[in-house]
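output the structure for:
(chains A and B)
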Amino acid sequence: MKSNGSWLSTLNPSCKLIVHVLVMAVLMAIRDPLLTLAIWLVAVLIGISVAGWTIGYLLRRLLPYTLFFVLVCWMLATFGKGEHVLWQWAWFRVTTESLNNGLLIGLRMLGFVTYGMLFTSTTDLNRMMMSLIHQLRLSPKWAYGMLAGFRFIPLFQSELQQMKIAHRIRGYRQGHGGKAFLRYALPLFSQGVRKSERIAIAMEARGFTGTRERTYYVQPMLARRDALYAVALLGVTTVLIIWL
Amino acid sequence: MVFQPVREQVYLGCDGLSVRFYSQERPVLHHLHLHIQQGEKVLILGPSGSGKSTLLSVLAGIIPEHVEAEVEGDVYRQPACGVMFQDPDSQFCMLRVDEEIAFSLENRSVPREQMEPLIDRAMEQVGLHIPRDTPIETLSGGMKQRLALACLLALEPEVLFFDEPTAQLDPASRNEVFALLRQLGNASQHTMVIVEHVLDGWIEWMDRVILLDGQGRLIADGSPARVMKEYRQEMVEAGIWLPKLFPYHWEDVRSNSAHPLAVRLTRELQQRLAQRHIMWGAHTASVRETGMGDGASTSTVARMTIMGVRDEALDKGNRTTIATMTSTTMNDPDSAQAGAKASIDVSSSISSSPPTADPLLQTERLTIGYGRKSIMNGINVDISPGQWIAIVGENGSGKSTFLKSLLRLVPPLSGSIRFHGKELRKWSDRELYARAGFVFQNPELQFVTDTVYDEIAFGGRQRGWEEQQLEERTLQLLREFGLERLRDEHPFSLSLGQKRRLSVATMLLFDQELLLLDEPTFGQDARTAAELIGRLHRRQQEGTTIVMVTHDMELVDQYADRVLLFQQGQIAYDGDPSGLFLNQQLLQGSAIEAPLPYRLYLERKERQTI
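Numbers count the residues shown, from 1 in each chain, chains lettered A, B, ... in the order given. All right, here's what the predicted structure looks like:
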């Protein structure tokens, strides 16, 4: 998670997070595919206009989800129930209801993904954690701890990879299910515990106490443009709901 | 348990200190007395498990404040201190350089507006000349330790503690950190307490050396020269890497050829070359200079001078022999003079004739890389049976990736590898890994069972060996690698040296003919490293082929028959180690430090030509 230098990335992360979660909640609540489509298009418009997305980036990121979208639509539309048959061939039976349903679920998923991407592609992780401390009163103990934890993710990936090839050379047959999971999870987990203990000691040795008695290098504030973005996005959503 | 605040007469230290961790029966430190003056630079030495890190943690206040332990005795601390840890990766909690340094300032509640100049100053002090928002993950190990130091300096400490700060670095980064710390030590009034098991780079500028024994008792405390002289034997037993130079100074050794160390080094070089010479008949060394084709051309690697190597070298020369030596001053009584007169030609030719024995492993136009980016192009290497091959080069030059690709552990980008003349990908896993083993840098990754015995027996069980045969083989390996007493232990509970040995033992159950090792001596103390290498050497004499990636040039010089230098995406050198160590040009471009005997020779020669 890094800032990409766009207008959207200058916004306060907490404010942006709350607004996006609200829109996602709206997406969950509505049952009209057309309205869902409209709200999704708003996200795409934001992405292109103020989030620094290029068309290429948009296509590249959304392509896998679009394929998934087609699949979901097809599944739900052809095997759904309903009265008004639009098209029927062999065991495929598309009805108005099932088509509506398929489009709704598919678009809802796209909407979720796009609003999520709008957030993650424009938000710096460190700024977000600091904003959680300042705007949402999260304890520094948790925020800094989570920041330190994020550093582990790529480490875990490379270690799992290493362990897989190391086991292969021993002739360890990779089973499936619980046993294989345990075999990899336990050493990774114990390594993780050891590493995090070391980091915790290093942080405390540098005077970290986890209390609020500290200063901050990065202090995200709320500004007028945050209000502007919140009002605009929520306003447009409301208008769409009333209008459509 | 009494903790006294700083008493007037003792700046830092302890009286009658004993420490025991709740999980262990025996205390790690026994009744220790230690007083450290302000501004002193103190080096704490001891075998692994002697509690030296524990002592440092107590003095720094980490024990018992952040790590629980039973502490007895009086401890005198300073409130303003900073600790630098071993693992560069597990002492940071932020993502970028400036945020990390700022974390120190934030903890001290420095107002925001004062932070930026302080961050700049800390970066300046440690020589971090990079953009402030550089992501930490992109830094090299040496740079990370620089950053760690910058973070400590931002705490404005009076006392600095270092817990094996260079143990996980390659030699180039290690020298970088040594130079930095030494410069800091000279320029500032900081009290410094350092735990290490390598002496080179420290001992020259320490005020005091403290030696602990295996039971956590203090056995020596004094000036470096005195401790080195009087406790040499104890240090060897403790597995401390003794300094190669101290108490001498390189400048003296270089300029005065009658210097005792100079005499010794010159003699060593003779011996090594003479030894090599016997082996030279069998191997080929070739120097591939960029832009030079595969044609038979000769390049002079080094024209060197030394006394006492006999002329018989000249006659040994067949097409693949590398060296011709001439000695003019065999009987010169003054060895110092002699060192300057005689001369050896170490010249090499690229032989276009095929290698004598059928290669065990052959790569052809092999290209390897991370992801899609290639790091090494067009590698053609033949590995003959019975050789000990070392692969050297900077971090990130592709050594490990190359090694892994040789056994199909990572896919090459292009090119082919043949094992016993058969395409590598046509081998089944089962057959291939019964003939070739791989020892990872982190041995823990390989362990699949719960006891040392089962770990070695694992491969046999997978193949349905009879229990009796299996037991015989396993016990034999346990004995060979000194693990008999540990047969029922959990592999994870062993020490690093034992884990490495176990990892090698598991790879030899089928008497694998090829063994690949990724930095087998890395992070170990001198004794455990020597033990492992000794065992590998015995295996090699019995016919095992060994290919290892290493940074230890002494090891390369003493054991390898052949060395490959990876540099800028090419194999810059492929041949006898002494040819590499005598090639000034290659050495300068590669950050490789030749062992002292070679270095002395080269520097002397340089002085003469000037």
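
from here on, just use CA atoms for contacts and neighbour counts.
OK.

contacts only, for residue 105.
Since you didn't name a chain, this refers to chain A. A:Ile105 makes contact with A:Val72, A:Cys73, according to Cα atoms under 8 Å, 6 or more residues apart in numbering or on different chains.

try chain B instead
A:Thr215, B:Met115, B:Ala154, B:Leu155.

give me the pLDDT for the third one.
Right, B:Ala154. The model reports B:Ala154 with a pLDDT of 94.

now do whatever helix or strand A:Ile153 lives in: distance to the chain's middle.
Assigning secondary structure by DSSP states H and E places A:Ile153 in helix A:152-170. Chain-centre distance of helix A:152-170: 26 Å, with Cα atoms, centre = their mean, to the nearest Å.

check whether it comes near chain B.
Yes - legend: contact between helix A:152-170 and chain B by Cα under 8 Å from any Cα of the partner chain is shown at A:Gln162, A:Met163, A:Ile165, A:Ala166, A:His167, A:Ile169, A:Arg170.

between those residues, which sits nearest B:Leu424?
A:Ile169 (14.2 Å; Cα to Cα).

the closest one contacts B:Ala436, correct?
No - counting by Cα atoms under 8 Å, A:Ile169 sits too far from B:Ala436 to count as a contact (9.0 Å).

how many other residues sit next to residue 107?
No chain specified, so I'll use chain A. 26 (other Cα atoms under 10 Å in any protein chain shown).

switch to chain B, that's the one I care about
B:Asn107: 22 neighbours (other Cα under 10 Å).

same check, this time on A:Gln161
Residues near A:Gln161, counting by other Cα under 10 Å: 11.

would you mind measuring from it to B:Ile240?
34 Å (Cα to Cα, to the nearest Å).

so which residues make contact with stretch B:555-569?
B:272, B:283, B:285, B:375-377, B:387-394, B:397-399, B:537, B:550, B:571-578, B:590, B:595.

please, a ChimeraX command that selects the buried ones among the residues you listed?
To isolate in ChimeraX the members of those that are buried, counting by 16 or more other Cα atoms under 10 Å in any protein chain shown, one can use:
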select /B:283,285,375,376,377,387,388,389,390,391,392,393,394,397,398,399,537,550,571,572,573,574,575,576,577,578,590,595
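
chain B contacts on chain A?
So chain A meets chain B at A:126, A:144-145, A:147-149, A:151, A:162-163, A:165-167, A:169-172, A:183, A:187, A:195-196, A:198-199, A:201-209, A:213-217 (Cα under 8 Å from any Cα).

buried subset of those residues as a PyMOL selection?
Typed into PyMOL, the next command selects the buried ones out of these (criterion: 16+ other Cα under 10 Å):
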select buried, chain A and resi 126+144+145+147+148+151+162+163+165+166+167+169+170+171+172+183+187+195+196+198+199+201+202+203+204+205+206+207+208+214+215+216+217
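
strands - which of the residues of chain A next to chain B land there?
Judged by DSSP state E, strands contain none of those.

could you point out the longest helix in chain B?
helix B:260-280 (DSSP state H).

pull the contacting residues for the residue nearest to A:Lys195 when sequence neighbours are not counted.
Counting by Cα to Cα, 6 or more residues apart in numbering or on different chains, A:Lys195 lies nearest to B:Ser90, which is 6.2 Å off, once chain neighbours are set aside. Applying Cα under 8 Å, 6+ apart to B:Ser90 gives the contacts A:Lys195, A:Ser196, A:Arg198, A:Ile199, A:Ala202.

distance check, A:Ala230 against chain B.
From A:Ala230 across to chain B, the span is 29 Å (Cα to the nearest Cα, to the nearest Å).

mind checking how far the helix or strand harbouring that residue is from the chain centre?
Assigned by DSSP H and E, A:Ala230 belongs to helix A:224-243. Relative to the centre of its chain, helix A:224-243 is centred 21 Å away, using Cα atoms, centre = their mean.

report the rounded mean pLDDT for that helix.
Helix A:224-243 comes out at a mean pLDDT of 94.

which stretches of the stretch 51-200 of chain B have low pLDDT?
Of all residues in the stretch 51-200 of chain B, none has pLDDT under 70.

kindly report the same for the stretch 401-550 of chain B.
For the stretch 401-550 of chain B, no range has pLDDT under 70.

what do you get for chain A?
Checking chain A against pLDDT under 70 turns up A:173-177.

ok and the residue in it nearest chain B?
Closest residue of chain A to chain B, Cα to the nearest Cα: A:Ala148 (4.2 Å).

please give me every residue in contact with that residue.
A:Ile199, B:Phe92, B:Cys93, B:Met94.

if you set the cut-off to 7 Å instead, what comes out?
The neighbours of A:Ala148, taking Cα atoms under 7 Å, 6 or more residues apart in numbering or on different chains as the test, are B:Cys93, B:Met94.

mind checking the SS state of the residue in the stretch 451-600 of chain B that chain A sits nearest to?
Residue nearest to chain A within the stretch 451-600 of chain B: B:Gly459 (6.6 Å; Cα to the nearest Cα). What DSSP: H, G, I helix; E, B strand; the rest coil gives for B:Gly459 is helix.

over to B:Val71?
strand.

which helix runs longest in chain A?
Per DSSP H, chain A has its longest helix at helix A:178-205.

gap between that helix and the chain center?
On Cα atoms, centre = their mean, the centre of helix A:178-205 falls 25 Å from that of its chain.

and stretch A:218-238, by the same measure?
19 Å.

just the element for the residue of chain B at minimum distance from chain A, please.
Nearest residue of chain B to chain A, counting by Cα to the nearest Cα: B:Cys93, 4.2 Å away. Following DSSP H and E, one finds B:Cys93 outside all helices and strands.

roughly how far does the residue nearest to the spatial centre of chain A sit from A:His20?
Among the residues of chain A, the one closest to the centroid is A:Gly116, at 4.2 Å (Cα atoms, centre = their mean). Relative to A:His20, A:Gly116 is positioned 8 Å away (Cα to Cα).

can you give me the helices in chain A?
A:13-29, A:33-49, A:55-79, A:96-120, A:125-135, A:140-150, A:152-170, A:178-205, A:224-243.

mind checking the SS state of B:Leu515?
strand.

thinking again about what came up before, tell me which two of the residues of helix A:152-170 next to chain B sit farthest apart.
A:Gln162 and A:Arg170, at 12.7 Å, using Cα to Cα across the residues of helix A:152-170 next to chain B.

near chain A, which residues of the stretch 301-450 of chain B?
B:Leu409, B:Arg430, B:Tyr433, B:Leu445, B:Gln446 (Cα under 7 Å from any Cα of the partner chain).
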